[in-house]
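**Student:** need a structure here:
(one chain, ligands or ions: 2)
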Amino acid sequence: MSAVITFANKKGGSGKTSTVVNVAGVLGSRGYRVLTIDLDPQAHLSFWSGVNTYDSYLSIYDALLGKCSGKDALFRSEHGLYDVLPASTAFSSTFIKHLLDKPNPEGQLKKVLLDFRNDYDCILIDTPPTVAALTLNALAAAESVFIPILLNFLAIEGLAQLTQTIYRINAAFNPDLRMCGIIPNQYDIRSNHSKRVMKEIYENFGENMISPRIRNDIKVAEAPEFRIPINLFAPHSRGCMDFNLLADFILDRVKIGKGASK
Ligand SMILES: Nc1ncnc2c1ncn2[C@@H]1O[C@H](COP(=O)(O)OP(=O)(O)OP(=O)(O)O)[C@@H](O)[C@H]1O
Ligand SMILES: [Mg+2]
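**Tutor:** Ligands and ions are numbered 1, 2, ... in the order given. This next block holds a predicted model:
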């Protein structure tokens with residue numbers, strides 16, 4: 001059975017996609033069988049992983065509507081460290097209408113994943129900053145959620161909202177969902193503002209909940225151009241070091257078994 005992990009924060013640009021791609025790359029290089037799911041109509045994870053996002057192809061949205069199986073939409077990255085269920089920039093409001101017309105709209109991703117649960121050790125889900133119905137599907141399908149944040153005071157407000165959403169999902173349709181960690185991204189250790197925000201998060205959530213921080217590193221921003229994760233693009237960078245430590249933290253919090261290699 002794969003561990004299903006969602007990375008969420010409706011605040012745009014907090015580092016969700018960078019975290020999913022780079023953690024997937026690191027876990028893939030350590031021999032874990034990893035599937036990533038791109039739920040974001042911006043399709044950044046898909047593009048970064050080598051999908052030609054301007055072409056026409058079957059996407060996760062087709063699978064969510066039952067127009068194809070998850071396996072029909074599967075994309076195998078050229079580097080081979082992880083597979084992708086891609087998003088599509090051709091996403092339209094008609095999709096949401098069709099999704100909401102279904103009897104169990106928030107349960108469709110969980111259904112799609114049933115096809116994959118013996119094929120991967122872990123499934124990492126990247127969520128959009130908008131389109132609540134998609135994030136709801138991601139939270140309903142997962143057992144673990146991690147929250148990448150940028151350290152400013154509005155981030156704390158966003159964290160409080162997300163915590164409420166997780167409680168509501170626990171009560172309504174997924175009692176297994178657990179918040180497993182907050183990931184401080186682009187942490188500037190010299191900034192007093194960042195330090196104050198960190199202190200506030202420590203006090204509200206406990207030190208145990210905070211992952212090792214990801215420092216600002218231009219290599220993290222450059223890697224998408226080359227369509228490979230940081231551990232292939234810049235293996236000696238501080239970004240690569242930080243994402244390795246983050247992968248250790250995730251492996252400590254979430255039970256991820258290693259299956260037979262593909
Ligand atoms: N540690 C880092 N160092 C340098 N740049 C970073 C770092 N993390 C993320 N970035 C850059 O910040 C921007 C936002 O990151 P990313 O796309 O991962 O966030 P996101 O939460 O997925 O955004 P969205 O909400 O739009 O999907 C990107 O341009 C990315 O390259
Ligand atoms: Mg993103």
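
**Student:** Please count neighbours and contacts with C-alpha atoms only from this point.
**Tutor:** OK.

**Student:** and the residue lying farthest from the centre of the chain, what does it touch?
**Tutor:** For the chain, the residue at maximal distance from the C-alpha centroid (Cα atoms, centre = their mean) is residue 192, at 28.8 Å. Residues in contact with residue 192 (Cα atoms under 8 Å, 6 or more residues apart in numbering): none are found.

**Student:** ok, it to ligand 1 distance?
**Tutor:** 18 Å (Cα to the nearest ligand atom, to the nearest Å).

**Student:** What of residue 216?
**Tutor:** Distance, residue 216 to ligand 1, using Cα to the nearest ligand atom: 4 Å.

**Student:** Spit out the contact partners of the closest residue to that residue other than its chain neighbours.
**Tutor:** Nearest residue to residue 216, sequence neighbours excluded (Cα to Cα, 6 or more residues apart in numbering): residue 186, at 4.2 Å. Applying Cα under 8 Å, 6+ apart, we find residue 186 in contact with 150-151, 213-217.

**Student:** cool, residue 223 as well?
**Tutor:** Per Cα under 8 Å, 6+ apart, neighbours of residue 223: 48, 229-230, 233.

**Student:** And the pLDDT at the residue nearest to residue 216?
**Tutor:** At residue 186, the model reports a pLDDT of 92.

**Student:** what do you get for residue 260?
**Tutor:** Confidence score, pLDDT, at residue 260: 54.

**Student:** possible to save the contacts of residue 223 as TSV with neighbour count and pLDDT?
**Tutor:** Listed next are those as TSV, based on neighbours: other Cα atoms under 10 Å; pLDDT from 0 to 100:
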residue	neighbour count	pLDDT
48	21	98
229	27	98
230	28	98
233	18	98
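
**Student:** Make a markdown table out of these and add distance to ligand 1 and secondary structure.
**Tutor:** Formatted as a markdown table, these follow (distance: Cα to the nearest ligand atom, whole Å; DSSP: H, G, I helix; E, B strand; the rest coil):
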| residue | distance to ligand 1 | secondary structure |
| --- | --- | --- |
| 48 | 10 | helix |
| 229 | 11 | coil |
| 230 | 11 | helix |
| 233 | 13 | helix |
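
**Student:** coming back round to it: relative to residue 121, how far out is the residue nearest to residue 216?
**Tutor:** 28 Å (Cα to Cα, to the nearest Å).

**Student:** got the residues of the protein near ligand 1?
**Tutor:** 11-18, 128-129, 185-186, 214-218, 220-221 (Cα under 6 Å from any ligand atom).

**Student:** how many other residues sit next to residue 254?
**Tutor:** As a burial measure, residue 254 scores 16 neighbours (other Cα atoms under 10 Å).

**Student:** Ligand 1 versus that one, what's the distance?
**Tutor:** Relative to ligand 1, and taking Cα to the nearest ligand atom, residue 254 is found at 21 Å.

**Student:** which residues does that residue contact?
**Tutor:** So residue 254 contacts 3, 144, 180 (Cα under 8 Å, 6+ apart).

**Student:** was I right about residue 152 contacting residue 195?
**Tutor:** No - between residue 152 and residue 195 there is no contact under Cα atoms under 8 Å: 9.5 Å.

**Student:** Quote the end-to-end distance of stretch 177-194.
**Tutor:** Start-to-end, stretch 177-194 (Cα to Cα) is 29 Å.

**Student:** How are the strands of the stretch 1-150 of the chain distributed by residue range?
**Tutor:** Using DSSP state E, counting those that start in this stretch, the strands of the stretch 1-150 of the chain run over 3-7, 34-38, 75-76, 83-85, 122-126, 144-150.

**Student:** Could you say which of these is packed most deeply?
**Tutor:** Ranked by mean neighbour count under mean count of other Cα atoms under 10 Å, these are led by strand 122-126, which reaches a mean of 27.

**Student:** Contacts for that one next, please.
**Tutor:** Contacts of strand 122-126 (Cα under 8 Å, 6+ apart): 2-8, 16-17, 20, 24, 32-40, 45, 138, 256.

**Student:** Kindly report the same for stretch 71-80.
**Tutor:** 49-51, 57-60, 62-63, 82-86, 115-116, 228.

**Student:** List the ones among those that fall in helices.
**Tutor:** 60, 62-63 (DSSP state H).
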